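# Predicted coordinates and the sequence they were generated for:
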Amino acid sequence: MQKRPGEDKSFCMTPREIVFELDKYIIGQDKAKKMVAIALRNRWRRQQVGGDLRDEIMPNNIILIGPTGVGKTEIARRLAKLAGAPFIKVEASKFTEVGYVGRDVESIIRDLTDLAVSMVKHEMTLEVQDKAKEAAEERLLDLIFPAESHTKEQTLDFSKDMFSDKPELSAEGEERLNRTREKFRIKLEKGELEDRIVEIDTTFDSHPMLQIFSPVGIEEMGLNIQDLFGGMMPKKRKRKKMKVSEARQVLIAEETQKLIDMEKVIEEAVKRVEQSGIVFLDEIDKIAGEGEGSGIDVSRQGVQRDILPVVEGTTVVTKYGMVKTDHILFIASGAFHVSKPSDLIPELQGRFPIRVELDTLTTDDFIRILTEPENALIKQYTALIETEGVKITFTKGAIKEIANTATSVNERAENIGARRLQTIMSTLLEEILFSIPDKGITSVKITADDVKKCLADIVEDVDLSKYIL
Ligand SMILES: Nc1ncnc2c1ncn2[C@@H]1O[C@H](COP(=O)(O)OP(=O)(O)OP(=O)(O)O)[C@@H](O)[C@H]1O
Ligand SMILES: [Mg+2]
């Protein structure tokens, strides 16, 4: 039996292993990494606890607090990849109070369930893949072989049951047929028939159209037009001519669908959401209003009040049935520039017992961020420029100078954290990115002096740097 990719890998990852993985992308912020790693592992631990106690153990929801551009969202994104559990990241500021136009908070859980369903479906698809391929290959053979053994005019309309339709065939004749069929099988396997045209019945869904035009409201209720009418509407079947290579894909998809038990998929998906789902509520500070006051604050508090039961544990109706939210882990994050965590309504504060502050990034952090992570900016640009046959290198001094510039612009203009590195890099490399490949350059070396020369004027002039960097 194949291992479920999500389930095993990450759930057995120890906190240390999780931090190790996060370290590949996020520099510093050790405390935050540690806390999310513990929270993630605790989900698994809870599952190992037996009996009633398991239901009593509540997730330790976390708030990540820190200035903009220091890695809060990045941690969430990377965690999502590791989690192996249903994971969704949403911006708290996108939601509106129930009764107002916009998305209500329960839709988070519905989306999470959708995600889990496709996740489980994908895993099951992998599991039945071999079987589906085999079945598809068999059907392909049915399509090709009879066509071959008859005259042209007679082509195409051959069903699977062709053999049983011809009882008059002698034993010898049947054997000959079988032999020929085997010959075709070999040809097919060798890939010699890929370009041959076959005609197949495809059941094509008119559903996607429906989904696009369905009113949002209905979706919000957790209903789905597709499910309501999908069963009632006769599936349209259409005959289509296509190459064997294309037909194979269609057939595999059809056979896969036949092999997957959707009821099981849904059951498993709902279980995963309830037991190990994670919701990352980004920008939570944006719904923390300062005290009583204007209309906006009132509606923000409304959103907070709506979030409360979902965090606390409630049952949400989704199109896949009821989903209990008691054990879903919530990680909230926000810059809390204007507002403070204490501006959240008290009940909500209580539901996020763990607070982690992220550090402001230093020049040394910038140097590391530029070079170390697997997706580091320097690596990205090097790869980009290499596609033009140009090798670009940055001296140590150059990188230090970029980091210094980032720090000083962050101090003088606005502190946007590591995002500053992106604006600086794009300004710095603008000329090179524009002039390759025309100039026939094959290698470029960027030194500290180059960086200074390119950026000095802009950095000096605060107003200018506000616009450019
Ligand atoms: N500690 C870090 N290590 C590596 N890269 C980082 C770090 N902090 C930020 N970055 C980079 O900076 C960019 C912005 O970071 P991120 O989106 O995490 O900011 P944020 O903390 O969520 O800010 P905001 O409060 O504005 O949402 C990301 O693309 C990320 O690659
Ligand atoms: Mg963010």
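That came in fine, so what should we check first? Residues are numbered from 1 along each chain as shown. Ligands and ions are numbered 1, 2, ... in the order given.
# burial measure for the closest residue to residue 442 other than its chain neighbours, as a count.
Nearest residue to residue 442 in three dimensions, chain neighbours excluded: residue 390, at 6.0 Å (CB to CB, 6 or more residues apart in numbering). In short, each C-beta sits where N, CA and C put it, glycine included. With neighbours defined by other CB atoms under 10 Å, the count for residue 390 comes to 19.
# Name all residues that make contact with residue 125.
Residues in contact with residue 125 (CB atoms under 8 Å, 6 or more residues apart in numbering) are 256, 260.
# Is residue 88 in a helix, a strand, or coil?
Here residue 88 is strand, with the state taken from DSSP: H, G, I helix; E, B strand; the rest coil.
# And for it, the neighbour number?
21.
# measure residue 19 to ligand 1 for me?
Residue 19 sits 13 Å away from ligand 1, going by CB to the nearest ligand atom, to the nearest Å.
# and that residue, how many neighbours?
Residue 19 has 17 nearby residues by other CB under 10 Å.
# ok, now which ones touch it?
Taking CB under 8 Å, 6+ apart, one finds 30, 33-34, 37 in contact with residue 19.
# What does the pLDDT read for the closest residue to residue 355 other than its chain neighbours?
Nearest-residue entry for residue 355: residue 63, 5.0 Å, with adjacent residues in sequence omitted and distances by CB to CB, 6+ apart. pLDDT for residue 63: 92.
# mind checking how far residue 63 is from residue 103?
22 Å (CB to CB, to the nearest Å).
# who's more crowded, those two?
residue 63 (25 against 16).
# That one looks like it's in a strand, true?
Yes: looking at residue 63 with three-state DSSP, it is inside a strand.
# Look up how far ligand 1 lies from it.
Residue 63 is 13 Å from ligand 1, by CB to the nearest ligand atom.
# which residues does that residue contact?
So residue 63 contacts 284, 331-334, 341, 352, 354-356 (CB under 8 Å, 6+ apart).
# which bits of the chain sit near ligand 1?
For the chain, the residues in contact with ligand 1 (CB under 6 Å from any ligand atom) are 26-29, 66, 68-74, 335, 369, 373, 417-419.
# Now do the helices in the stretch 201-350 of the chain.
According to DSSP state H, counting those that start in this stretch, the stretch 201-350 of the chain carries its helices in the segments 207-213, 216-220, 225-230, 244-259, 262-276, 295-312, 346-351.
# mean pLDDT lowest for which of those helices?
helix 207-213 (a mean of 46).
# Need phi/psi at residue 58.
Backbone torsions for residue 58, taken as degrees, to the nearest 10, come to phi -100, psi 150.
# Next up, the contacts around it.
Contacts of residue 58 by CB under 8 Å, 6+ apart are 326-327.
# Report the angle between the biggest helix by length in the chain and helix 244-259.
Determined from DSSP state H, the single longest helix within the chain is helix 106-149. For helix 106-149 against helix 244-259, the angle by axes from the mean of the first three to the mean of the last three CA atoms, to 10 degrees is 130 degrees.
# what's the following helix or strand after helix 106-149?
helix 171-190 (DSSP states H and E).
# Could you list the buried residues of that next one?
Buried positions in helix 171-190, judged by neighbour count with 16 or more other CB atoms under 10 Å: 177, 181, 184-185, 187-188.
# Equivalent analysis for stretch 364-371, please.
365-371.
# out of these, who's nearest residue 433?
If you rank these by distance to residue 433 using CB to CB, residue 370 comes first, at 17.1 Å.
# Provide a list of residues in contact with that closest one.
So residue 370 contacts 376-378, 399, 402-403, 421 (CB under 8 Å, 6+ apart).
# Quick one: the residues you listed as TSV, columns for secondary structure too.
Below are these laid out as TSV (three-state DSSP):
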residue	secondary structure
376	coil
377	helix
378	helix
399	helix
402	helix
403	helix
421	helix
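# Make a ChimeraX selection of the buried ones in these.
The buried residues among these can be selected in ChimeraX (16+ other CB under 10 Å) with this line:
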select :376,377,378,399,402,403,421
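# measure the residue lying closest to residue 340 once chain neighbours are set aside to residue 389 for me?
With sequence-adjacent residues excluded and distances taken as CB to CB, 6+ apart, residue 340 is closest to residue 288, at 7.4 Å. Using CB to CB, one gets 51 Å for the distance from residue 288 to residue 389.
# Export the contacts of residue 370 as CSV, with columns for pLDDT.
Shown next, in CSV, are those (pLDDT from 0 to 100):
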residue, pLDDT
376, 94
377, 94
378, 94
399, 94
402, 94
403, 94
421, 93
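# Which one of the contacts of residue 370 is nearest to residue 443?
residue 378 (15.5 Å).
# roughly how far apart are the residue of the chain most remote from its centre and residue 275?
No residue in the chain sits farther from the centre than residue 170, which is 57.6 Å out by CA atoms, centre = their mean. Counting by CB to CB, the gap from residue 170 to residue 275 is 61 Å.
# do the same with residue 256
Noted for residue 256: a distance of 27 Å to residue 275, by CB to CB.
# quick one, which of those two is more surrounded?
The neighbour comparison of residue 256 against residue 275 (other CB under 10 Å) goes to residue 256, with 21 against 18.
# confidence score at the closest residue in space to the more buried one that isn't next to it in sequence?
Sequence neighbours aside, residue 132 is the residue nearest to residue 256 in space, at 4.3 Å (criterion: CB to CB, 6+ apart). With respect to pLDDT, residue 132 scores 90.
# my read: residue 132 touches residue 249, true?
No: using CB atoms under 8 Å as the test, residue 132 is too far from residue 249 to be in contact (11.0 Å).
# Am I right that residue 199 falls within a strand?
Yes: assessed with three-state DSSP, residue 199 lies in a strand.
# Just the buried residues of stretch 49-68, please?
So, applying 16+ other CB under 10 Å, buried residues of stretch 49-68: 59-67.
# swap in stretch 35-49?
35-44, 46.
# between the residues you listed, which is nearest ligand 1?
Taking CB to the nearest ligand atom as the measure, ligand 1 sits nearest to residue 36 out of these, at 12.9 Å.
# ok, now which ones touch the closest one?
18, 22, 62, 64, 75, 79, 331.
# Where does the second one sit: helix, strand or coil?
Under the three-state scheme (three-state DSSP), the conformation of residue 22 reads as helix.
# give me the number of residues near the closest residue in space to it that isn't next to it in sequence?
Closest residue to residue 22 apart from its sequence neighbours, by CB to CB, 6+ apart: residue 33 at 4.8 Å. When neighbours are defined as other CB under 10 Å, residue 33 has 24 of them.
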